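> Everything below, folded, please.
(one chain, ligands or ions: 1)
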Amino acid sequence: MSADRKDAHVRYATEQHRRHSGHNPFDDVSFVHHALAGIDRRDVCLTTRFGGITWPTPLYINAMTGGSPTTGAINRDLAIAARETGIAIATGSVSPYFADASVADTFRVMREENPDGFILANVNANATVEKARRAVDLLRADALQIHLNAIQETVMPEGDRSFAAWGPRIAQIAAGVDVPVIVKEVGFGLSRETLARLKETGVRVADVSGSGGTDFARIENDRRERPDYAYLDGWGQSTPACLLDAQGIGLPLLASGGVRHPLDVARALALGASAAGASGLFLRTVLDGGAPALTALLRSWTDQLTALMTALGARTPADLARCDVLVHGDLRAFCADRAID
Ligand code: FNR
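Have a look, this model is predicted:
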């Protein structure tokens, strides 16, 4: 059942990604053009540091999959691209391994293909400390993601219906594992109130993973016999909205959800994120062209991000947060409603 579900997620997410176009909330963010701001490319350094973690590039391949033969092969390709580019990578939720240890290799392949890379293991917020440690051990992971997905669970017929223990569980895991803990959404966003609670639990970093890209309410509706929850399409806050909402929160942030190209990465960094990641787009890239296609895409993004930072006068990813940006449209209305300056 779990293996079928993992394959269905890949199928529906890819279909959704191929269909999706049009307005993206990142389009409501633009840089003020300063014609004399540019610096020399050789002075740009992409290294990013946050919550005790250092990555050479402010990009990552976000959590997706594992647990079936098909998704094991996808993990292999994702891991090869991560190794070739030195970009950090997360596994999908390790839950299928807790249910059936015979699928261990579909996750472990990521470490085998990428022995020296930065790998994040991934568990749900119901995991015990013991399971969280097993997930870290399985991947020899450098960090642990805990995903929050109440809306996805709600639309899943077989989904979880008890969420009250998540907060205390996160605190126990953060205190009980030896690697940094990063809490993430799965595409519905983290509000500043949620971030404030996470900060109290000992979490080092949060990945806002907002709406605008992969929509798990739709994916789970597609898996249902009838799309009973179709009205939930579009639920949540977009990634740029979350970053604006989080200003001054004092917790390092990662940005994922709807990131389409290097300009969206630069926009996310300008709004305060320490790095930006993608899932659906990178999945589609490996399904279409294997590891070589994703390697080429990640290299191209790195090159273009460096070029944009050169023109914008940002020596480091953190410098982008000092660039002047304008906020338009729905995003501006969101800021007004949430009393964000
Ligand atoms: C995901 N995502 C996800 N997240 C997580 O924490 N654990 C998981 O197991 C999964 N599984 C998963 C499967 C597939 C096929 C996709 C496309 C995504 C969510 C993912 O990490 C990310 O938060 C969202 O997809 C939003 O980013 P994009 O896809 O808009 O770039």
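> ok and the residue in the stretch 201-341 of the chain nearest the ligand?
Residue nearest to the ligand within the stretch 201-341 of the chain (C-beta to the nearest ligand atom): G213, separated by 2.0 Å. Just so you know, the C-beta spots here come from the backbone N, C-alpha and C atoms, and that holds for glycine as well.
> quick one: stretch 314-321 to chain centroid distance?
Here the centre of stretch 314-321 is set off from its chain's centre by 20 Å, with C-alpha atoms, centre = their mean, to the nearest Å.
> whoops, stretch 263-274 was the one
Centroid displacement of stretch 263-274 relative to its chain, using C-alpha atoms, centre = their mean, is 13 Å.
> ok, residues contacting that stretch?
24, 26, 29, 31, 48-51, 58-59, 205, 208, 239-240, 243-244, 246-247, 252-255, 258-259, 275-276, 301, 305, 308-309, 312, 317-318, 320-321, 323, 325 (C-beta atoms under 8 Å, 6 or more residues apart in numbering).
> which SS class is the closest residue to R322 other than its chain neighbours?
Nearest residue to R322, sequence neighbours excluded (C-beta to C-beta, 6 or more residues apart in numbering): A314, at 7.6 Å. Put simply, A314 is coil when judged by DSSP: H, G, I helix; E, B strand; the rest coil.
> Tell me how far A314 lies from D105.
As judged by C-beta to C-beta, to the nearest Å, A314 and D105 stand 42 Å apart.
> Of these two, which one has the most company?
Taking other C-beta atoms under 10 Å, A314 and D105 do not tie; A314 has more neighbours (24 against 14).
> Which residues are in contact with the more buried one?
Neighbouring residues of A314 by C-beta under 8 Å, 6+ apart: 39, 44, 320, 322-323.
> among those residues, who's most crowded?
When the contacts of A314 are compared by neighbour count (other C-beta under 10 Å), L320 ends up highest, at 26 neighbours.
> can you tell me which residues contact that one?
By C-beta under 8 Å, 6+ apart, the residues touching L320 are 266, 269-270, 309, 312, 314.
> Throw those residues into a markdown table and include pLDDT and distance to R338, thanks.
Formatted as a markdown table, the contacts of L320 follow (pLDDT from 0 to 100; distance: C-beta to C-beta, whole Å):
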| residue | pLDDT | distance to R338 |
| --- | --- | --- |
| A266 | 99 | 23 |
| L269 | 98 | 21 |
| A270 | 98 | 19 |
| M309 | 98 | 29 |
| L312 | 98 | 27 |
| A314 | 98 | 27 |
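> and of these, the nearest to A125?
Proximity of the contacts of L320 to A125 (C-beta to C-beta) peaks at L269, which lies at 27.3 Å.
> Surely the closest one is in a strand?
No: using three-state DSSP, the assignment for L269 is helix, not a strand.
> That one - how many residues pack around it?
27.
> now swap in T47 and tell me
Neighbour count of T47, defined by other C-beta under 10 Å: 12.
> my read: it touches P56, true?
Yes: the pair T47 and P56 passes the contact test of C-beta atoms under 8 Å, sitting 5.7 Å apart.
> which stretch of helix or strand covers Q16?
Remark: Q16 resides in helix 2-19, with elements defined by DSSP states H and E.
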